[in-house]
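Engineer: Build me a structure from this.
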Amino acid sequence: MTALSVNLNKLALLRNSRGHNAPDLLHYAKRFIELGVQGITIHPRPDERHITQQDAYELAHLLRGFPRVEFNIEGYPSEAFLQLVERCKPTQCTLVPDAEDQLTSDHGWDFTQHLDTLKPIIQRLKKAGVRVAVFLDPDIEQIELTAQSGTDRIELYTEEFASEFSSNKAKDVLNKYQVAAILAQKLGLGVNAGHDLNLKNLPSFLSIPDILEVSIGHALIIECIDHGIEKVVSDYLSICKGICKV
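Structural biologist: Sure thing, here's the model as predicted:
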């Protein structure tokens, strides 16, 4: 079964737009957990335009009371970010190559340039007891290099799959992701996935075997507005269990 981790960034963005605590992230984290999700994801950025450092600490404290639920903190590995992760001690840290002012993640790491830089960072996080994943395009060369980094997992950046899902390229693009995932698994890497996955395209993506986790936020929050949180989470969990094609 693939684990579903809900990204809370968009709820935090909505809260911050009015300057008070509505929606309450802790309340919604608990609601998602009560509905059966296996993980909570946040991606704090330096400008704190959505998730703040205080959110990270409060969610870390909350999730200690739910040991079956994984906590995933995503972000660029600045010194401030690494210290935040070391203090929060999430289950997993996903390293992404974002610029400080980037709107959203839009590419994976280039390990031809960053392998030597990332190796000690990965070891530092693992020494702190945190599982490490790296954000990666479905590129064979990158996966082969990533296997030398010491990371535990990769998170496949799925924007290309999502954008081509309804096009005549969909089958070829999905096959590219499957080849990448199978190679990563053969090299001893766990495989996560995320970015623009939704109820329509997720069943197709999970035809790829042994995807360990999907992290979904933007689309899931919109779908909750359209259809209600209980139905949407139930549908996602059914897809992740392989028993439902929405």
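Engineer: The residue lying closest to Thr91 once chain neighbours are set aside - how many residues pack around it?
Structural biologist: Nearest non-adjacent residue to Thr91, counting by Cβ to Cβ, 6 or more residues apart in numbering: Glu70, 4.0 Å away. Yep, even glycine has a C-beta here, placed from its N, CA and C like the rest. The number of residues packed around Glu70, counting by other Cβ atoms under 10 Å, is 19.
Engineer: Find me the pLDDT at Glu70, would you?
Structural biologist: pLDDT, Glu70: 98.
Engineer: I figured it was touching Ser5, is that so?
Structural biologist: Yes: in this structure, Glu70 sits in contact with Ser5. The criterion is Cβ atoms under 8 Å, and the distance is 6.6 Å.
Engineer: Identify the contacts common to these two.
Structural biologist: Common contacts of Glu70 and Ser5, defined by Cβ atoms under 8 Å, 6 or more residues apart in numbering, comprise Gln38, Gly39, Ile40, Glu213.
Engineer: all strands of the chain, in order?
Structural biologist: Under the criterion DSSP state E, the chain contains strands at 3-7, 39-42, 70-75, 92-95, 131-136, 153-157, 190-194, 213-216.
Engineer: Make CSV out of these and add distance to Ser167.
Structural biologist: CSV is the format used below for those (distance: least, Cβ to Cβ, whole Å):
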stretch, distance to Ser167
strand 3-7, 26
strand 39-42, 28
strand 70-75, 28
strand 92-95, 28
strand 131-136, 23
strand 153-157, 18
strand 190-194, 19
strand 213-216, 21
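Engineer: quick one: which of these is nearest Ile222?
Structural biologist: The minimum distance between Ile222 and the strands of the chain falls on strand 213-216, with 10.6 Å, by Cβ to Cβ.
Engineer: beta partners for Val134?
Structural biologist: In this structure, Val134 has beta-bridge partners Leu95, Ile154, where bridges are defined by DSSP bridges.
Engineer: Name the residue closest to the centre of the chain, please.
Structural biologist: Ser215 (3.8 Å; Cα atoms, centre = their mean).
Engineer: Now do the same contact list for the residue nearest to that one when sequence neighbours are not counted.
Structural biologist: If the residues on either side of it in the chain are set aside, Ser215 comes closest to Gly194, at 3.8 Å by Cβ to Cβ, 6+ apart. Gly194 is in contact with Asn7, Glu155, Leu156, Tyr157, Thr158, Val214, Ser215, Ile216, counting by Cβ under 8 Å, 6+ apart.
Engineer: which two in those are spaced the farthest apart?
Structural biologist: Asn7 and Leu156 (15.4 Å).
Engineer: hey, what's the residue nearest to Thr91 bridged with?
Structural biologist: With DSSP bridges as the criterion, the beta-bridge partners of Glu70 are Gly39.
Engineer: Who are the contact partners of the residue nearest to the centre of the chain?
Structural biologist: For Ser215, counting by Cβ under 8 Å, 6+ apart, the contacting residues are Ser5, Val6, Asn7, Gly39, Thr41, Asn72, Glu74, Thr94, Glu155, Asn192, Ala193, Gly194.
Engineer: and what of Leu174?
Structural biologist: Applying Cβ under 8 Å, 6+ apart to Leu174 gives the contacts Phe161, Ser204, Phe205, Ser207, Ile208.
Engineer: Please pick the buried ones from those.
Structural biologist: Phe161, Phe205, Ile208 (16 or more other Cβ atoms under 10 Å).
Engineer: Out of the contacts of Leu174, the closest to Val132 would be?
Structural biologist: Relative to Val132, the closest of those is Ile208; by Cβ to Cβ it sits at 21.5 Å.
Engineer: and the gap between that closest one and Gly39?
Structural biologist: Separation of Ile208 from Gly39 (Cβ to Cβ, to the nearest Å) stands at 19 Å.
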